[in-house]
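K.L.:
Dropping the sequence and predicted coords here.
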Amino acid sequence: MTNLYFKDINSATRHFIAMFQELGNNVKSINQKNQTTYKKEIVEIRNIFYTIKNPKACIVSFENNVPNRLWTMCELLTEFLNLNPPIMIKYFPKTLINSYDMLEDGTVSYTYGSRLQEYHQLLNVYNKLKNNLTSKRCIVQIFMPYDTQPNALDVPCTVNYHFVCRNNKLDLTVFYRSHDFFKGFKIDMVVSSFVLQVMAGWLGVEVGELHILDSSLHYYKTDKNKLETLSEDIRHNYKDSTPFVVPRVGMKDFYIQLRKVKHVEELSNRTSDIYMRQLIEEIKFPFYQDFARVFANRKNTQFHFATKTFQEWK
């Protein structure tokens, strides 16, 4: 398997768009429940391995393919604070229902947060690397043995995260069994970058490279128009990726900041603007202040962030 190297996520996006355009074939899904949904036909690239040299340059910034800022921040809170139902249901109820199999009690059958927290995997990997920075055993498993059950309602697209530290630089390899180019890909890259930068911050080491193994990188035939639009955008308006730089903090301080962001999210619908700004000012780092402002100012199109981190997001 040949490894492809890209300087940022935009260059990877350009490359895969060109590969998709060369493919004229389509694959009919063998999953019976997909036969009446948009997932019934896909165009896919199989078994591809690639490296993002600068994982901090992870926000796709082409006009028609920018990840939704609010959804992405909701996903980060949901995963790291292990929230079920996901926060996204407050702001994107229809999209969430299309993305997850909802249970009768209003929750979803699994979240990535529940998998990350199962057996305290993130804490275990952190402690293993803290005691032995060169360990090759630092894997966070998302896809579990019980996901192999024939009657499993829903299963993760992400299989696992593998952390490897060499020369004081932390690399992350992510394995995806299924990777939707127009829905999951652009948000997953931000999430993976966040996971890598956060773990590096906990350990006090530098951020290395992000490696991705896609068993099936694909788009659904219903997104054919997105392929054509994005191709034109890349041809006429190519640019570098938008940076997403996470501050280097220890684990305890990280979770304190994240829970303060969640506090702002909870109160954003029922507090005055003055009180919201006071809450945000109590957050220690500008990055997490901007994170909280995503929720506090989601209806204010005139709001400008204090840092450049989120400026080009929709």
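P.N.:
Ah, there it is.

K.L.:
Please identify which helix or strand holds the residue lying closest to F285 once chain neighbours are set aside.
P.N.:
In this structure, F285 finds its nearest non-sequential neighbour in P247, 4.7 Å apart by Cβ to Cβ, 6 or more residues apart in numbering. C-beta coordinates here come from the backbone N, C-alpha and C atoms, glycine included. P247 belongs to no helix or strand when assigned by DSSP states H and E.

K.L.:
residues touching P247, list them.
P.N.:
The neighbours of P247, taking Cβ atoms under 8 Å, 6 or more residues apart in numbering as the test, are 201, 285, 287-288.

K.L.:
Just say helix, strand or coil for the nearest residue to K169 once chain neighbours are set aside.
P.N.:
Among residues not flanking K169 along the chain, G208 sits closest, at 3.6 Å (Cβ to Cβ, 6+ apart). Classification of G208 by DSSP: H, G, I helix; E, B strand; the rest coil places it in strand.

K.L.:
ok, how many other residues are close to G208?
P.N.:
G208 has 21 neighbours, counted by other Cβ atoms under 10 Å.

K.L.:
Check K90 too.
P.N.:
15.

K.L.:
how far does the helix or strand hosting D171 sit from the chain's center?
P.N.:
For D171, the enclosing helix or strand under DSSP H and E is strand 169-176. Relative to its chain's centre, strand 169-176 lies at 13 Å (Cα atoms, centre = their mean, to the nearest Å).

K.L.:
helices or strands up against that strand?
P.N.:
For strand 169-176, the helices and strands in contact under the criterion 3 or more Cβ pairs under 8 Å, 6 or more residues apart in numbering; DSSP states H and E are strand 158-166, helix 186-203, strand 206-220.

K.L.:
Quick check: buried residues in that strand?
P.N.:
Residues of strand 169-176 classed as buried by neighbour count (16 or more other Cβ atoms under 10 Å): 170-176.

K.L.:
Then stretch 86-104?
P.N.:
Counting neighbours by 16+ other Cβ under 10 Å, the buried set in stretch 86-104 is 86-89, 91-92, 96, 99-100, 102.

K.L.:
Which two among these are spaced furthest apart?
P.N.:
Greatest spatial distance among the buried residues of stretch 86-104 (Cβ to Cβ): Y91 and M102, at 15.7 Å.

K.L.:
how much space between the closest residue to L258 other than its chain neighbours and R277?
P.N.:
Leaving aside its chain neighbours, L258 sits nearest to F80 (5.9 Å; criterion: Cβ to Cβ, 6+ apart). Distance check for F80 against R277: by Cβ to Cβ, to the nearest Å, it reads 24 Å.

K.L.:
repeat for K7
P.N.:
Applying Cβ to Cβ to K7 and R277 gives a distance of 38 Å.

K.L.:
With Q21 instead?
P.N.:
From Q21 to R277 the distance is 47 Å (Cβ to Cβ).

K.L.:
And these two? Which one has more around it.
P.N.:
R277 (15 against 12).

K.L.:
Give the closest residue to the more buried one in space, chain neighbours not counted.
P.N.:
The spatially closest residue to R277, leaving aside those adjacent along the chain, is A296, at 7.9 Å (Cβ to Cβ, 6+ apart).

K.L.:
ok, that neighbour - how many residues close by?
P.N.:
The burial count for A296: 21, using other Cβ under 10 Å.

K.L.:
Would you confirm that it contacts E281?
P.N.:
No: taking contacts as Cβ atoms under 8 Å, A296 lies outside contact range of E281: 11.4 Å.
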